[in-house]
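1. The sequence and its predicted three-dimensional model are supplied below.
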2 protein chains.
Amino acid sequence: MDLNFYMPVRVFSGTGCLSAQFDKVAALGRRCLIVTGQHGARESGALDAALQLCRQYKVEATVYPDIPANPLLSRCVTAAQAVQTVRAQFVFGIGGGSVLDAAKVIAWLAANRPEDTDGLYARTLRCAPLPCVLVGTTAGTGSEVTAVSVLTVDATGRKKSVTDPRLYARYAFADAAYTASLPREQAVSTALDALCHAAEGMLSPLCEEAPMLFAEKALSLLGHGMPALCGPEPPDAAARQALLYGSIWAGLVINQTGTAFPHPMGYILTEQYGVPHGMASAVFLPALLRRAGAFTPMRLMRLYRAFGGGDALADVLEALVRCDVRMTPEQIEAQRERLTGCKHYARTPGGFDERLALQTLYEVCGPEAER
Amino acid sequence: MDLNFYMPVRVFSGTGCLSAQFDKVAALGRRCLIVTGQHGARESGALDAALQLCRQYKVEATVYPDIPANPLLSRCVTAAQAVQTVRAQFVFGIGGGSVLDAAKVIAWLAANRPEDTDGLYARTLRCAPLPCVLVGTTAGTGSEVTAVSVLTVDATGRKKSVTDPRLYARYAFADAAYTASLPREQAVSTALDALCHAAEGMLSPLCEEAPMLFAEKALSLLGHGMPALCGPEPPDAAARQALLYGSIWAGLVINQTGTAFPHPMGYILTEQYGVPHGMASAVFLPALLRRAGAFTPMRLMRLYRAFGGGDALADVLEALVRCDVRMTPEQIEAQRERLTGCKHYARTPGGFDERLALQTLYEVCGPEAER
């Protein structure tokens, strides 16, 4: 198994890491655009901390506070125009996966013609992106360490990813203090996202030496942290740190492997039924595990062992995964074109195709699915 | 334990990786200086492969073939002047750790005033280095993935390291085919170097989450590969790959942790007695393991387990580590100044000081040491 690796983001972690390393951020320029979502950045305390540090280091910060979940591409264009208007020299994303994905794209569009979204997806934008700094306030996406952004294309309403080495952030900060205010539903969904990243990547026939190691580490941390989401109490600091670092290791996994069929299938539930992204992928995870049991059983055993046992994983999925979406056979059949020819199928053990995808959708969301 | 990480080199591995990815190298410029040692690059076939690829991709290559083991800083200055003379746009290091360390420095000096070695060590060189591409032909140094170069300062004859993020290479290629021609003595010494990197880093009180994981991976690979160096037959392709990838994981370890006392103590044996670098460090490894047993026994158990057991490690050290250097008490005492205040002591379990270093030197190389 080969050892290929590329991940140039400089990751800082631990309590107070943002303030301890802010001199590096301040060295990026005297003006920045801070991109946030509607709640997380503020409630987590991360936005206040960042603004105070900007004042202290005399960095002029403009806040663009309006990136929703599953952000529209047009919103990134507007934000990139704002970068140009305030002549920001770097982009500072504070929030969950949607915000971080958007910040990476905004930094690239802003260095070019912000309206050139075709150039973005064709990866033909000529100028290198502005430096981008990321502070995650959820523990799921792993966007801090990937070269991917997933945005919603306005015209189609569909999620579409763009992958390019130029999308890597300059610095990423992982401080579990900023995930303490995460509402339970979001904590669960984002943890499930991280779990899917680790599992989908590790079970991919194309998984190499480095992502395999990272996946085992991610699963081990998630195996420690996720049980804390199953009880009535909010997770303690140790569990939150395990979940956050687990999500970053899982990000390192998909950064090399990409994701398997649960991700594109989940997009359907998110776009059409509003299911949060991590939950939407996780409802298809049991189907992936069954497929791995048939086609790559040894790999599946490694996965179970890393998490702390197959029973432990089953307990966590049983406690956390809920899907109330019910689709008619006609609604399922209507997804056929969408589910044809996904690149994710090559990363699925035993391969995959639209027939199997539709069958899986029927089993999970069909009229006869268990409630 | 925190999760800090930065290693921006793009690593390619596997049989034929250089030719498969040479378009990326060729994109760095139309002229390059290839830096090699006196034998390895040629005998391994890596130099011929690189020259042929340069011809194919119309990159004009000038070979600077004269970097010896433990290279003098002045040699790097000369090579950097050669870079300027031929107007090379990138530096291409092919060889063992000495060559790779030199190439990284040459690329930086060449972008500045090559004679400014004070600026190099003060890390005040103003211009960013030329891109640097590395092909390792030994499996020990890990220089491919570190921001460190160790050179011999002409005036003192002493090895001195310089660490700076600007020393990271752009691309590194790890193809175990290029280690097949390695003479046995070098294969042993370089493998011991990698083993020391993994062990010294993992046992450091400052070892964090990522380097701990990398060290366990490195030790597991070395535990598979090193027994193949103990018998009369040369190691097979699988063992060579395990040794090469193990050395790279171990490089990722020291890239974050640095090394402990065996390294600076080994420098003495290299500088004054000509002991190859890896062997010179490894003769002090048992002393480090004993110290770990006293101060951090659980960590030591993890190390043993990762390698495949304490007995397996003892067998390998017994079979491979030889030191014929014998020093008089006066010769040992003469090292006192050299061994005072090393930064490596903070990375040693239980701490360390010159008194303990001199005592260790006496035990290993003194007149009463076992032969």
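-> Structure received. All figures in this text were calculated on a predicted structure; none of them were measured in a lab.
2. Which single residue in the stretch 1-150 of chain A comes nearest to chain B?
-> A:Pro8 (3.5 Å; C-beta to the nearest C-beta). C-beta: built from backbone N, CA, C; applies to glycine.
3. so who does whichever residue of the stretch 251-371 of chain A sits closest to chain B touch?
-> Here the stretch 251-371 of chain A gets closest to chain B at one residue, A:Leu252, 8.6 Å apart by C-beta to the nearest C-beta. Contact partners of A:Leu252, counting by C-beta atoms under 8 Å, 6 or more residues apart in numbering or on different chains, are A:7, A:142, A:145, A:210-211, A:214, A:218.
4. Can you tell me which of those comes closest to B:Pro68?
-> Closest approach to B:Pro68 among the contacts of A:Leu252 (C-beta to C-beta): A:Ala210, at 33.2 Å.
5. burial measure for the residue in the stretch 51-200 of chain A that chain B sits nearest to, as a count.
-> Scanning the stretch 51-200 of chain A for the residue nearest chain B gives A:Ala174, at 6.3 Å (criterion: C-beta to the nearest C-beta). Using other C-beta atoms under 10 Å in any protein chain shown, A:Ala174 has 27 other residues around it.
6. same deal with A:Arg322?
-> Neighbourhood size, A:Arg322 [other C-beta under 10 Å]: 12.
7. so who does the nearest residue to A:Val59 once chain neighbours are set aside touch?
-> Leaving aside its chain neighbours, A:Val59 sits nearest to A:Ala26 (5.3 Å; criterion: C-beta to C-beta, 6 or more residues apart in numbering or on different chains). Neighbour list for A:Ala26: A:53-54, A:57-59 [criterion: C-beta under 8 Å, 6+ apart].
8. mind putting those residues in CSV, secondary structure and pLDDT included?
-> Listed next are those as CSV, based on DSSP: H, G, I helix; E, B strand; the rest coil; pLDDT from 0 to 100:
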residue, secondary structure, pLDDT
A:Leu53, helix, 98
A:Cys54, helix, 98
A:Tyr57, coil, 98
A:Lys58, coil, 98
A:Val59, coil, 98
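9. Of the residues you listed - the most surrounded one?
-> Using other C-beta under 10 Å as the neighbour test, the contacts of A:Ala26 are led by A:Val59, with 24 neighbours.
10. Pull out the buried residues from the host helix or strand of A:Gln241.
-> Per DSSP states H and E: A:Gln241 is located in helix A:237-257. Buried positions in helix A:237-257, judged by neighbour count with 16 or more other C-beta atoms under 10 Å in any protein chain shown: A:239-257.
11. In helices, which of the contacts of A:Leu252 appear?
-> Of the contacts of A:Leu252, the ones assigned to helices by DSSP state H are A:210-211, A:214, A:218.
12. Look up the pLDDT of the spatially most central residue of chain A for me, please.
-> In chain A, the centroid-proximal residue (C-alpha atoms, centre = their mean) is A:Thr141; its distance is 2.2 Å. Looking at A:Thr141, its pLDDT is 92.
13. Run the chain-centre distance for the helix or strand containing A:Ala50.
-> Here A:Ala50, judged by DSSP H and E, is contained in helix A:46-56. Distance, stretch centre to chain centre, for helix A:46-56: 25 Å (C-alpha atoms, centre = their mean, to the nearest Å).
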